[in-house]
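Q: Have a look; sequence and predicted model below, questions after that.
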Amino acid sequence: MLITISGLPGSGKTTVARLVAEQLGLEHVYAGDIFRRQAAARGLSLEEYARRAETDHSIDRALDEQMCTRAAQDEAVLEGRLAAFMADAAGRPALKVFLDAPEAVRAQRIVAREGGAAEARLQETQAREASDARRYQEIYGFDYHDRRRYDLVLSTDGRSPEELAREIVAAARARFGP
């Protein structure tokens, strides 16, 4: 069973992916962790590495290669903005989930997690989304925001992570069996 969870920053991807993985007894593979390990291996801060990724597409390709390899080999919950595309590239059937919430809600979640001012976090989030969208379009020629590519699109605003995880688990069991 392969489940991919994608979405925008602050949409609740990590929390929901962890819950889904726990409930199904699957490994949670998080693209953000892989990216952070790559930055650390190069002796760069996360911010420096992300800035470098703006112009050095080998950074995204290395991350995506690892995610694609995991998608091809493992029964797992893959979390990352391009997770659904990695399952497709690996030729694996997957339940592809996209999580979303209004910008203001996502910015508040990021503030709660990382601190800072809501307006500044909103601007950072908008810049990050624009950068990601531009890079993925340049590298792969697609828009990961396109909801038509996903089996399940859920708004996380006003819903608990547990409720969302239950819905995803039910959809996965319906698709793949118990």
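A: Arrived safely.

Q: give the contact list for L26.
A: By C-beta atoms under 8 Å, 6 or more residues apart in numbering, the residues touching L26 are 1, 3, 20, 75-77. The way it works is simple: take the backbone N, C-alpha and C, and place the C-beta from them, glycine included.

Q: for this protein, what spans make up the helices?
A: 13-24, 31-41, 46-53, 57-73, 83-90, 103-114, 118-140, 161-176 (DSSP state H).

Q: Output those helices as CSV; include the columns mean pLDDT and distance to R149.
A: Converted to CSV, the helices of the chain look like this (pLDDT from 0 to 100; distance: least, C-beta to C-beta, whole Å):
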stretch, mean pLDDT, distance to R149
helix 13-24, 96, 16
helix 31-41, 90, 17
helix 46-53, 86, 22
helix 57-73, 87, 15
helix 83-90, 85, 6
helix 103-114, 86, 20
helix 118-140, 83, 12
helix 161-176, 97, 16
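
Q: and of the ones you listed, who's closest to V97?
A: Minimum separation from V97 across the helices of the chain (C-beta to C-beta) falls at helix 161-176, 5.7 Å.

Q: Distance of the closest residue to K96 other than its chain neighbours relative to A71?
A: Closest residue to K96 apart from its sequence neighbours, by C-beta to C-beta, 6 or more residues apart in numbering: A84 at 4.0 Å. Distance, A84 to A71, by C-beta to C-beta, to the nearest Å: 10 Å.

Q: Need the residues touching each of the two.
A: In contact with both A84 and A71: 4, 94, using C-beta under 8 Å, 6+ apart.

Q: so which of the helices of the chain is the most packed in?
A: helix 83-90 (a mean of 23; mean count of other C-beta atoms under 10 Å).

Q: and it, what does it pack onto?
A: Other helices and strands packing on helix 83-90, by 3 or more C-beta pairs under 8 Å, 6 or more residues apart in numbering; DSSP states H and E, are strand 2-7, helix 57-73, strand 95-100.

Q: how close does the residue nearest to K96 get to H145?
A: In terms of C-beta to C-beta, A84 sits 12 Å off from H145.

Q: do the same with S6
A: Separation of S6 from H145 (C-beta to C-beta) stands at 9 Å.

Q: E162 too?
A: Taking C-beta to C-beta, one finds E162 at 26 Å from H145.
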